[in-house]
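J.: Sequence first, predicted model second:
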Amino acid sequence: MTLAVLTLALGFGALSAAAQSPAAGASKADAPDPKATEQWEPVPPIVSPGATVSAPPADAIVLFDGRNLDQWVSTKDHSPARWKVGDGVMTVDKASGNIETKQVFGSYQLHLEWRIPKDITGEGQLRGNSGLFLASTGPGDAGYEIQILDSWKNKTYVNGQAASIYKQAPPLVNAMRPPGEWQTYDVVWTAPTFATDGTLRSPAYVTLFHNGVLVQNHFQLTGETVYVGKPTYRAHQRAAIKLQAHGDPSAPISFRNIWVRELDGG
């Protein structure tokens, strides 16, 4: 290699090294520190999970453990709930109407199990109809409803089948098990918030797993669920969780293992 070529090669090598090194005048101390993006506090609290996926974790509020309805009242007059309890489950009593929790909630995580009778009859909306109201805002069916229905080989409007946000959002898939088998709902409810003048400040959101399958993915509600017309928001505070005693003529459904974890500090 000639002296000229050697000099040229050395020059390119110096340029390449300069391109990969810190800018002139910069020191190694000026390079980004990966520790700068490490968050150490606050440390998440420790919560012991349940023995199974469906068992209530240590910080859960148990709403129904199969023994009594002490956590529930009648929606229409707040008298003691009168649904039937036996063999570890509670069964809808259609004559006594909807029931709701004594306690009120903001945002939360909820686990609930429900079962359509094996010998269910009827079709469409008249087949094991009930509802989980994530926030009960008044008497009757006021609030935000996740539909409960037998959607195993039972055709109906898709925003009214099981796991739909009633009249607002069909489920992403139909994850229904056959009648007679237990179904699970695992819900993350982000409650709406309102300004002091009653105007909506932030909307409600729902994430729902039906039998372990994601069926509502952080869906933004456009208001309370209604049977007729378009949904709208009405200002409200923390609210009870409600279960519906629908008036359809089919056999009543049953519930078990209901618990909730508050997500907004209680």
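T.: Done, it's in. Numbers count the residues shown, from 1 in each chain.

J.: Show me how this protein divides into domains.
T.: 3-33, 61-262 (automatic domain parsing).

J.: In terms of mean pLDDT, which of the ones you listed ranks lowest?
T.: Here the lowest mean pLDDT among these goes to domain 3-33, at a mean of 51.

J.: closest one to V43 among the domains of the chain?
T.: domain 61-262 (18.6 Å; CB to CB). Heads up, the C-betas are built off the backbone N, CA and C, glycines and all.

J.: Tabulate the domains of the chain (CSV), appending mean neighbour count and distance to V43.
T.: CSV is the format used below for those (neighbours: other CB atoms under 10 Å; distance: least, CB to CB, whole Å):
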stretch, mean neighbour count, distance to V43
domain 3-33, 9, 22
domain 61-262, 18, 19
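
J.: Indicate which one of these is closest to T52.
T.: domain 61-262 (10.0 Å).

J.: what's the offset of that closest one from the middle of its chain?
T.: How far domain 61-262 lies from its chain's middle: 11 Å, per CA atoms, centre = their mean, to the nearest Å.

J.: Check the separation of the first and last residues in it.
T.: End-to-end distance for domain 61-262: 8 Å, by CA to CA, to the nearest Å.

J.: do stretch 125-138 as well
T.: Start-to-end span of stretch 125-138 (CA to CA) is 23 Å.

J.: Now render the domains of the chain as TSV, adding distance to P45.
T.: Formatted as TSV, those follow (distance: least, CB to CB, whole Å):
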stretch	distance to P45
domain 3-33	29
domain 61-262	12
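
J.: among these, which is nearest A51?
T.: Smallest distance to A51 across the domains of the chain (CB to CB): 12.4 Å, for domain 61-262.

J.: Just the terminal-to-terminal distance for stretch 199-209.
T.: Using CA to CA, the end-to-end distance of stretch 199-209 comes to 30 Å.

J.: How about residues contacting it?
T.: With CB atoms under 8 Å, 6 or more residues apart in numbering as the test, stretch 199-209 has contacts from 134-135, 144, 146, 163, 165, 171, 184-195, 214-222, 233, 235.

J.: do the same with stretch 213-223
T.: The contact list for stretch 213-223 (CB under 8 Å, 6+ apart) reads 144, 146, 163, 165, 168-169, 171-173, 175, 192, 203-209, 230-233.

J.: Please report the distance of Y205 from P192.
T.: 9 Å (CB to CB, to the nearest Å).

J.: Please read the previous query as pertaining to L200.
T.: 6 Å.

J.: Mind listing the shared neighbours of the two?
T.: Y233.

J.: one step back: narrow the contacts of stretch 213-223 to those in strands?
T.: Y144, I146, Y205, V206, T207, L208, F209 (DSSP state E).

J.: For the residues you listed, give me JSON lines that also has distance to I253.
T.: Output for the ones in strands among the contacts of stretch 213-223, formatted as JSON lines (distance: CB to CB, whole Å):
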{"residue": "Y144", "distance to I253": "20"}
{"residue": "I146", "distance to I253": "14"}
{"residue": "Y205", "distance to I253": "26"}
{"residue": "V206", "distance to I253": "21"}
{"residue": "T207", "distance to I253": "23"}
{"residue": "L208", "distance to I253": "18"}
{"residue": "F209", "distance to I253": "19"}
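
J.: Walking through the stretch 1-150 of the chain, point out its strands one by one.
T.: Per DSSP state E, counting those that start in this stretch, the stretch 1-150 of the chain carries strands over the ranges 61-64, 72-74, 84-86, 89-91, 99-101, 108-115, 130-136, 143-148.

J.: what lines up beside the next helix or strand after the last one in the sheet?
T.: As assigned by DSSP states H and E, the chain's next helix or strand after strand 143-148 is strand 182-190. In the sheet containing strand 182-190, the strands it pairs with under DSSP bridges are strand 108-115 (antiparallel), strand 205-210 (antiparallel).

J.: After the last one, which helix or strand is next? Please name it.
T.: Translated: strand 205-210. Sequence order places strand 213-220 as the next helix or strand after strand 205-210, per DSSP H and E.

J.: so that next one versus strand 205-210, what angle?
T.: 170 degrees (axes from the mean of the first three to the mean of the last three CA atoms, to 10 degrees).
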